[in-house]
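Asks: I'll drop the sequence and a predicted model, then ask my questions.
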Amino acid sequence: MSQTFGYVLVSVVLLHLTTTAGATTTTGATTTTAAATTTAAVTTTAAAKTTAAGTAGTYKSIGGDTACRAWTNASDPGRDGRFIAGTRVKDVKECKDLCDSISTCHGIEFQSGAGAKVDLNCEIWKVPIVASKSNSKNFECFNKTSGGLKPAKGYADSVLAKMKITSTAATQDFKLNDTKLVDNLTTCVNTTFSNALTAKAAGAEYSDISITKVKMEMGKKNDVVVSVVCSSKKHHVADLHNRVRTLTTKQKFVGYNSELTAYTHTIIDDINKCLESEYSSSTVTAAWDGATVVNLKSLDTQGTTMSGPTLGNSNPSGTTASGTTGSPTTHKASIQAAMSCTNADEVLANKNGTEAFKTAFKQQMSGATLSKDPTLKKFGCSRRLKDGARKLSTTGIEAEFEYTTTSGQPTQLDATAFKTAVNTELSNAGLPETTGVTDITPSSTTKKTASSAMKMQVVCISLTSLLIAMAWC
């Protein structure tokens with residue numbers, strides 16, 4: 001599915017997941033009807049049954065000039081982050097399409113004719129809509145009356161911001177086969193975006209937004225499409241969309257029911273400086289691209305994967321440290337992904353489970369090439385240890401990777417970033433997620449901890465040896 005947000009100058013990607021909410025009924029003296037009829041200041045609705053997964057949602061308008069409510073109480077505060085998330089879209093159809101793309105969307109509230117500085121015009125309802133209220137500000141509440149919970153393609157709560165790099169020179173060579181140039185530019189993009197997100201001027205509403213991936217590829221018209229994946233553990237994906245969207249208009253979101261305010265960041269200016277440095281020409285420039293709602297799976301694993309909002313010693317000027325490239329050498333890495341034994345069995349029984357770990361490894365270990373598919377097995381799930389001691393408290397999946405790299409030393413795996421990546425892939429496949437990842441590669445700084453049963457054996461053996469020695473004295 002792809003819809004163009006005509007006035008927005010950023011590309012946003014949300015993976016498809018649809019849910020349902022209720023067929024509308026009225027309560028009190030009014031009898032049940034297909035659509036709610038306002039009988040008082042507040043009209044109540046009831047939830048509908050979930051239909052087949054993967055179907056497009058259908059919506060029933062509760063009536064013009066109506067605002068959705070989560071309570072039957074007339075004092076319901078309305079636009080409240082406990083109930084809704086939201087952003088700005090072109091029209092009501094795009095608002096419905098957005099609802100169909102997001103996990104747990106029960107319906108929408110759309111405001112037509114909203115001004116350019118209005119915080120949002122499309123509310124995504126995270127909870128069932130149980131009531132509505134008359135409103136004269138061009139709001140319309142829609143209950144989602146059918147639609148599946150989980151489309152086959154899966155979903156992910158990330159936003160994809162896009163820009164295009166073009167040149168006034170018709171024969172411009174963008175040199176995307178030049179690994180050093182691409183690395184320099186992706187680092188520049190990551191750093192520039194991260195600086196704008198974490199700057200004090202951005203404010204608290206932009207906290208906890210990370211750049212998790214930057215990808216560059218040739219477009220259809222001798223241009224370069226730059227894709228920047230933005231993720232957050234704090235913000236709902238619709239709210240995340242709104243924050244990224246406003247950046248492209250040099251404004252910022254400051255809160256529900258508050259107008260957008262100016263935010264003069266330098267994302268495009270800074271990227272243009274990097275482009276001029278790399279191409280030794282001012283004819284190569286960047287600009288925001290149009291926005292679409294598509295499946296994030298279309299963004300393959302190629303590109304530069306980022307583990308957080310900053311890059312440490314990255315240099316946005318376009319230079320990198322020099323180094324020597326040697327012959328490929330083989331290394332091994334091992335991780336433990338914590339989960340219940342039942343969940344581990346489910347992941348191991350599904351071929352997509354191995355693919356999830358394989359994809360996550362490729363994303364997090366830039367420059368490494370897997371020699372073969374990873375080996376996955378359960379750990380800590382045997383009923384008893386050989387000595388009859390209790391079962392290990394930690395259980396899950398242990399994954400072993402064999403890879404080659406031109407570096408003479410193995411690359412340290414970022415366990416936190418790997419957890420995020422593998423959970424995204426497991427979720428996309430409809431499989432259980434891990435609660436934590438530990439790097440147990442023998443050559444890494446992570447140390448294995450002996451079980452309490454093993455420690456007790458050591459203590460007993462040592463005490464026995466001491467008693468024997470004392471007896472000989």
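Replies: Cool, got the structure. Bear in mind that the values here come from a model prediction, so they are computed numbers and not experimental data. Numbers count the residues shown, from 1 in each chain.
Asks: what residue ranges in the chain score low on pLDDT?
Replies: Where the chain drops to pLDDT under 70, the residues are 1-55, 74-78, 103, 147-157, 290-328, 366-367, 383-392, 406-411, 442-473.
Asks: try it again with 50
Replies: For the chain, residues meeting the criterion pLDDT under 50 lie at 1-54, 148-154, 292-326, 384-389, 391, 443-473.
Asks: ok, which stretches of it are helices?
Replies: Taking DSSP state H as the test, the helices found in the chain are 92-100, 179-198, 237-247, 267-279, 341-348, 351-364, 415-428, 452-472.
Asks: and among those, the most buried is which?
Replies: Comparing the helices of the chain by mean neighbour count (mean count of other Cβ atoms under 10 Å), helix 237-247 comes out on top with a mean of 25. Where you see a C-beta, it was placed from the backbone N, CA and C, and this is true even at glycine.
Asks: one step back: out of the helices of the chain, which gets nearest to Ser393?
Replies: helix 452-472 (8.8 Å; Cβ to Cβ).
Asks: For the nearest residue to Cys95 once chain neighbours are set aside, give its distance to Tyr256.
Replies: The spatially closest residue to Cys95, leaving aside those adjacent along the chain, is Cys122, at 3.8 Å (Cβ to Cβ, 6 or more residues apart in numbering). Going from Cys122 to Tyr256 by Cβ to Cβ, to the nearest Å gives 13 Å.
Asks: before we move on, what about Asn350?
Replies: 40 Å.
Asks: now swap in Thr424 and tell me
Replies: Thr424 is 28 Å from Tyr256, where distance means Cβ to Cβ.
Asks: same thing with Cys105?
Replies: Counting by Cβ to Cβ, the gap from Cys105 to Tyr256 is 17 Å.
Asks: Compare the two (neighbour count), which wins?
Replies: Cys105 (24 against 17; other Cβ atoms under 10 Å).
Asks: now the strands for the stretch 101-250 of the chain?
Replies: 107-111, 122-125, 131-134, 139-146, 158-167, 210-218, 224-231 (DSSP state E, counting those that start in this stretch).
Asks: hmm, back to that, show me what the residue nearest to Cys95 is bridged to.
Replies: With beta bridges defined as DSSP bridges, Cys122 has these partners: Thr87, Phe110.
Asks: How much space separates it from Arg245?
Replies: Counting by Cβ to Cβ, the gap from Cys122 to Arg245 is 11 Å.
Asks: shared neighbours, those two?
Replies: Both Cys122 and Arg245 are in contact with 87-88, where contact means Cβ atoms under 8 Å, 6 or more residues apart in numbering.
Asks: dump the residue contacts of Glu402.
Replies: Shown in contact with Glu402 (Cβ under 8 Å, 6+ apart): 330-332, 370-372.
Asks: Just list whatever residues bridge to it.
Replies: Under the criterion used (DSSP bridges), Glu402 bridges to Lys332.
Asks: Would you check that Gly380 makes contact with Thr395?
Replies: Yes: Gly380 is within contact range of Thr395, at 3.9 Å (criterion: Cβ atoms under 8 Å).
Asks: for the closest residue to Arg79 other than its chain neighbours, what are its contacts?
Replies: In space, Arg79 comes closest to Tyr256 once its chain neighbours are excluded; the distance is 4.7 Å by Cβ to Cβ, 6+ apart. Neighbouring residues of Tyr256 by Cβ under 8 Å, 6+ apart: 79-81, 86, 119-120.
Asks: now swap in Asn350 and tell me
Replies: Here Asn350 is in contact with 429, 431 (Cβ under 8 Å, 6+ apart).
Asks: Please tell me how far it sits from Lys372.
Replies: Counting by Cβ to Cβ, the gap from Asn350 to Lys372 is 19 Å.
Asks: Ok, Gly430 next?
Replies: Separation of Gly430 from Lys372 (Cβ to Cβ): 26 Å.
Asks: My guess is Glu355 contacts Ala429. True?
Replies: Yes: between Glu355 and Ala429 there is a contact at 7.5 Å, judged by Cβ under 8 Å.
Asks: thinking again about what came up before, for the strands of the stretch 101-250 of the chain, which one sits closest to Gln363?
Replies: Comparing the strands of the stretch 101-250 of the chain by Cβ to Cβ, strand 210-218 comes nearest, at 7.3 Å.
Asks: angle of the closest one against strand 224-231?
Replies: Strand 210-218 runs at 160 degrees relative to strand 224-231, counting by axes from the mean of the first three to the mean of the last three Cα atoms, to 10 degrees.
Asks: Paired strands for strand 210-218, with orientation please.
Replies: Sheet pairing of strand 210-218 (DSSP bridges) gives strand 224-231 (antiparallel), strand 304-305 (antiparallel).
Asks: any chance of these in a markdown table, with mean neighbour count too?
Replies: Listed next are the strands paired with strand 210-218 as a markdown table, based on neighbours: other Cβ atoms under 10 Å:
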| stretch | mean neighbour count |
| --- | --- |
| strand 224-231 | 22 |
| strand 304-305 | 20 |
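Asks: can you list these in a markdown table and add distance to Asn195?
Replies: As requested, these are arranged in a markdown table below (distance: least, Cβ to Cβ, whole Å):
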| stretch | distance to Asn195 |
| --- | --- |
| strand 224-231 | 13 |
| strand 304-305 | 17 |
